[in-house]
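Participant: task: produce atomic coordinates for the following.
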Amino acid sequence: MSHLQLDYIALEALEAWVQALESGAAPRQVLGMTVFGAADTINSPAPARLAERAWPRVALPVLGHDTAAWVEVWSVPGSAPIVQHGEIAGVAYARCADLAFTWRVTPLPSQDLLLQATQQTYDALFSAMRQLGCQHPLRFWNYLPDILGAGQGEEERYRIFNVGRHASFLDQAAMVNPNPPAACALGHPEGVAEPLTVYALASSRPAQPIENPRQMSAYLYPRRYGARSPTFSRAALAPVGDEECVFISGTASIVGHETVHLNDVQAQTHETLNNIEALLERFRAERPGKVWRTSELHLKAYVRHAADLPLVRQAVQQRLGADVPCVYLQAVVCRPDLLVEIEASAARSH
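Facilitator: Presented below is the predicted three-dimensional model:
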């Protein structure tokens, strides 16, 4: 039985699905939820399962699915200790044994407050993880408005975000070195003004960071990408209970540190999948005799332009088959020349 399980559930089916999850032959309990959909959908009255806690809500419209919103659900076995809920200095959490799901939503009343808000958000998350006994972040998800817009001093807002994140990582070096977590950072679609939302999975045991031989490590990028490089690993192998979980960071059409296939979304999607397959090869090298397959992954694809969805979906299905689960959302990727980004997760018993 999977210790940590990921599912994407249509919002309208959530109530019945969770009830079946909790009362099935092998019952499970919810560790964390995040809702993805258009702003008017996620901010409307929520089903009871969502309303009982202030689970994170991210204003990224759903593309190509018969639902207005997807709910990302992380669950653990019902036989595990009961999931405990609470809040520490503005960080909400759900904790079970050696695993915690934490999140913080930070309003941004001024464009000039992004650096301060980012550092404070990360400082608070790290502090909460430490107090929960889950001092090793495994994976961060970051969503911010106007990611490519100009912020303080006309600097690009994603680069400002990276400065704030890096400052917090320096202060918390003992928690992230030498094991930088996997991560992604996406922007809401143009014109959507939502808060900075960061959520994370953390553990009492560190993950093993994995880098992609086809790409320069993000934290080593040259200064042309900003005063501070993005602080994350390309992927992480994490021990969770008696399992090993894979977290593949947001991955795009980058070789070395350069964007490739400019203005060609289908070619960018194929290059992105090349990078994911290269990471799977690295997993095999790190774990001889254990073959990780794309069929074991749950994918989340971020597409900048909704009209590009058919080309992105065609490339994903051509490479991975129609049965590999993939959720498609509209989001702005962190470089102006990137049209698509894909992340992935998987779990396997030892």
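Participant: could you measure from Thr251 over to Tyr143?
Facilitator: 17 Å (Cβ to Cβ, to the nearest Å). Just so you know, the C-beta spots here come from the backbone N, C-alpha and C atoms, and that holds for glycine as well.
Participant: so what's the model's average confidence on stretch 254-266?
Facilitator: Averaged across stretch 254-266, the pLDDT comes to 98.
Participant: equivalent analysis for stretch 341-350, please.
Facilitator: Stretch 341-350 comes out at a mean pLDDT of 84.
Participant: and the contacts of it?
Facilitator: With contact meaning Cβ atoms under 8 Å, 6 or more residues apart in numbering, stretch 341-350 is reached by 2-6, 139, 184, 186, 240, 242-252, 269, 272-273, 276, 290, 292, 296-302, 316, 326, 331, 333-334.
Participant: ranges for the strands of the stretch 251-350 of the chain?
Facilitator: Per DSSP state E, counting those that start in this stretch, the stretch 251-350 of the chain carries strands over the ranges 254-255, 258-259, 298-303, 326-330, 340-349.
Participant: so how far is stretch 233-250 off the chain centroid?
Facilitator: 12 Å (Cα atoms, centre = their mean, to the nearest Å).
Participant: now do the end-to-end distance for it.
Facilitator: 10 Å (Cα to Cα, to the nearest Å).
Participant: now that stretch: buried residues?
Facilitator: By neighbour count on 16 or more other Cβ atoms under 10 Å, the buried set for stretch 233-250 is 233-241, 243-250.
Participant: mind listing which of these are in strands?
Facilitator: 235-240, 243-250 (DSSP state E).
Participant: return the member of those nearest to Leu115.
Facilitator: The nearest member of those to Leu115, counting by Cβ to Cβ, is Gly250 at 21.0 Å.
Participant: residue ranges with poor pLDDT in the chain?
Facilitator: The chain contains residues with pLDDT under 70 at 1-2, 152-153, 349-350.
Participant: now the longest helix along it against strand 235-240, angle please.
Facilitator: The longest helix of the chain (DSSP state H) is helix 265-286. Put simply, helix 265-286 runs at 50 degrees to strand 235-240, going by axes from the mean of the first three to the mean of the last three Cα atoms, to 10 degrees.
Participant: ok, now how distant is the residue minimising distance to the centre of the chain from Gly250?
Facilitator: Most central in the chain under Cα atoms, centre = their mean is Trp141, positioned 3.6 Å from the mean C-alpha point. According to Cβ to Cβ, Trp141 stands 9 Å off from Gly250.
Participant: common neighbours of these two, please.
Facilitator: Shared contacts of Trp141 and Gly250, counting by Cβ under 8 Å, 6+ apart, come down to Ala183, Cys184.
Participant: what about the strands in the stretch 101-250 of the chain?
Facilitator: Counting by DSSP E, counting those that start in this stretch, the strands of the stretch 101-250 of the chain are 136-144, 182-187, 196-203, 208-210, 235-240, 243-251.
Participant: and the shortest one, which strands flank it?
Facilitator: It stands for strand 208-210. With DSSP bridges as the test, strand 208-210 is paired with strand 235-240 (antiparallel).
Participant: do the same with the first one
Facilitator: Strand partners for strand 136-144, identified by DSSP bridges, are recorded as strand 182-187 (parallel), strand 196-203 (antiparallel).
Participant: and Arg130, what does it touch?
Facilitator: Contacts of Arg130 by Cβ under 8 Å, 6+ apart are Met175.
Participant: now with 10 Å?
Facilitator: Residues counted as contacts of Arg130 (Cβ atoms under 10 Å, 6 or more residues apart in numbering) are Ile88, Gln172, Ala174, Met175, Ala202.
Participant: quick check: it vs Glu87, distance?
Facilitator: Arg130 is 15 Å from Glu87, by Cβ to Cβ.
Participant: buried by neighbour count: which residues of stretch 91-107 qualify?
Facilitator: 91-106.
Participant: again, but for stretch 205-224
Facilitator: 206-212, 214-219, 221.
Participant: equivalent analysis for stretch 171-187, please.
Facilitator: In stretch 171-187, counting by 16+ other Cβ under 10 Å, buried: Gln172, Met175, Val176, Asn179, Pro180, Pro181, Ala182, Ala183, Cys184, Ala185, Leu186, Gly187.
Participant: number of residues surrounding Val316?
Facilitator: 23 (other Cβ atoms under 10 Å).
Participant: what about the closest residue to Asp146 other than its chain neighbours, how many residues nearby?
Facilitator: For Asp146, ignoring the flanking residues on the chain, the nearest one in space by Cβ to Cβ, 6 or more residues apart in numbering is Arg157 at 5.7 Å. Per other Cβ under 10 Å, the neighbour tally for Arg157 reads 23.
Participant: distance check, Arg157 against Tyr219.
Facilitator: For Arg157 relative to Tyr219 (Cβ to Cβ), the value is 19 Å.
Participant: and Pro189, by the same measure?
Facilitator: For Pro189 relative to Tyr219 (Cβ to Cβ), the value is 28 Å.
Participant: go on, Gly187?
Facilitator: Applying Cβ to Cβ to Gly187 and Tyr219 gives a distance of 21 Å.
Participant: what's the answer for Ser23, then?
Facilitator: With Cβ to Cβ as the criterion, Ser23 and Tyr219 are 45 Å apart.
Participant: I'd say Gln120 and Gly164 touch.
Facilitator: Yes - using Cβ atoms under 10 Å, Gln120 is in contact with Gly164, at 8.2 Å.
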